[in-house]
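**Student:** Sequence and computational prediction follow.
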Amino acid sequence: MIEGKLVDLVPFEDDFATYFEQWMNEESWFRARVWERREPHPEDAVKKFIEKMEKNEHGALIGFQTKDGDPIGGVIWDHEWTRVRKVDAILFVGDMRYEGTDEALDGLLMLLRYVFETRGVHRVDAAALAFDEVRIEFYHRAGFSHEGTLRQHVRWDGDYVDLELFGLLEDEWPGYEQITAQLDLQPSGIEPKPKPEKKDEKKNGSGQQPG
Amino acid sequence: MLEGLLVDLIPYGEKCRAQDHRWWNNESVFWSSMGERNIVSRAQVDREHGEWTESLDKAPESGVPFCAQTKDGKPLGYFGINWYSYHHRLANLGASLGEPEYWGGGYGTDALLLIVDYGFEWLDARKIWLGTMGLNQRVLRQMEKVGFTLEARHRAVALADGQWYDEMVYGLLRDEWPGRPAMVEKLGLKAR
């Protein structure tokens, strides 16, 4: 665990894996993963994605949760290019009650803290679909510069939409402590959701377990 | 396969692969990558080529590699679609002309017109795009000549001989492409 102001970074397992079966099929996932084709993700596809990210030598999927342990979503660093010390950064909010909150922003800041201050990257790339205003505002608040617009780049619901590109360099990153102080992050006060039902327990409870 | 005025684009087969070790170790890599300089053995070249071919076989959205050669059959280097997204109808281009004495003679431009035409007319791409480092003035000029628009400038992506350079990302939409014959005429390209 890496502890932040409003959220902590934790391994993407347990409750996260359970919630992810739902999250990975929702709009917010496809907004975050701008390149990904819209298609259904059954349980085995979700599990495979988690396994793929666990084996990924150039990236990782990390969970982020409130200080009370309420899972919010995930952050991904990926395509780490060692020679030029560059990564792609992706934030996705699974529990949409947290969309646009300072907890979600802190998830992005914690990812930046990790890649700049622990992995030693030189540059972080980020992208947003042109209509994804919440994400674009987050990038600006986190200190990214807008570096261009790829015109009509992504197929989305019957149209081709622009892709907005952002970059943040190591010498522009003020440090996690400083940026969180500047942004004066405040908790949203959202009540933690009930823990998800464990699949195995359910099976045991209903007496369907063989033997 | 694709016939131009100064070059043809042929399959990237044995004839071109035989040049890979020399091409991968020369100056062309610096310009076609982000300032990379390779020192690679024949075994490494073979291994990486094998992995690349395998990945093209496996990937549902895969690239289309060609080899550019002169009209009298001298192979010049790689010219192709690095990856194609059927979903977004988007073709990402890559090129590396391994014979420096053919740089600046219109060979690359002729090959570019062929591959752009192929992307639009055969793969039904809606957009063709590519990135190159800002230091690469020859390619920046070529992009503007052929009608590409500079869409993004990624700061300090390319590390070339100890200096950071920006990456310039260019795009060309299908409705901006006048067709290969019109572009050949506009640029005054002629067979020699």
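**Tutor:** Received the coordinates, thanks.
**Student:** Residue of chain A nearest chain B, please.
**Tutor:** A:G148 (2.3 Å; CB to the nearest CB). Any C-beta I mention is one placed from the backbone N, CA and C, and that applies to glycine too.
**Student:** Leaving out chain neighbours, which residue sits closest to that residue?
**Tutor:** The shortest distance from A:G148 to any non-neighbouring residue, by CB to CB, 6 or more residues apart in numbering or on different chains, is to B:A152 (2.3 Å).
**Student:** Then A:W77?
**Tutor:** Once flanking residues are discounted, A:W77 sits nearest to A:V87: 4.7 Å by CB to CB, 6+ apart.
**Student:** same deal with B:R126?
**Tutor:** In this structure, B:R126 finds its nearest non-sequential neighbour in B:R89, 4.2 Å apart by CB to CB, 6+ apart.
**Student:** Give me the below-cutoff pLDDT ranges for chain A.
**Tutor:** A:199-211 (pLDDT under 70).
**Student:** Pull up the residues of it that are close to chain B.
**Tutor:** A:35, A:37, A:83-84, A:86, A:122-123, A:125, A:145, A:147-155, A:160, A:165, A:167, A:169 (CB under 8 Å from any CB of the partner chain).
**Student:** Enumerate every residue touching the residue of chain B most remote from its centre.
**Tutor:** Largest separation from the mean C-alpha position in chain B: B:G162, at 24.8 Å (CA atoms, centre = their mean). By CB atoms under 8 Å, 6 or more residues apart in numbering or on different chains, the contact list for B:G162 is empty.
**Student:** can you map out the strands along chain B?
**Tutor:** For chain B, the strands defined by DSSP state E cover B:2-3, B:7-11, B:64-70, B:75-85, B:90-97, B:127-133, B:149-160, B:163-173.
**Student:** Just checking, which helix or strand of chain B averages the lowest pLDDT?
**Tutor:** Sorting the helices and strands of chain B by mean pLDDT, DSSP states H and E puts helix B:42-58 at the bottom, at a mean of 88.
**Student:** Give me the helices and strands touching that one, please.
**Tutor:** Applying 3 or more CB pairs under 8 Å, 6 or more residues apart in numbering or on different chains; DSSP states H and E, one finds that helix B:42-58 contacts helix B:14-24.
**Student:** so where is chain B shaky, pLDDT-wise?
**Tutor:** Filtered on pLDDT under 70, chain B yields the residue ranges B:60-61.
**Student:** residues from it in reach of chain A?
**Tutor:** Counting by CB under 8 Å from any CB, the residues of chain B that sit close to chain A are B:34, B:36, B:85, B:87-90, B:126-127, B:129, B:149-159, B:169, B:171, B:173.
**Student:** which of those residues are buried?
**Tutor:** Among those, those scoring as buried are B:34, B:85, B:88-90, B:126-127, B:129, B:151-159, B:169, B:171, B:173 (criterion: 16 or more other CB atoms under 10 Å in any protein chain shown).
**Student:** do you know how far A:P194 is from A:D132?
**Tutor:** According to CB to CB, to the nearest Å, A:P194 stands 29 Å off from A:D132.
**Student:** if you count what's nearby, which of the two comes out ahead?
**Tutor:** Ranked by neighbour count (other CB atoms under 10 Å in any protein chain shown), A:P194 and A:D132 place A:D132 first, with 19 against 7.
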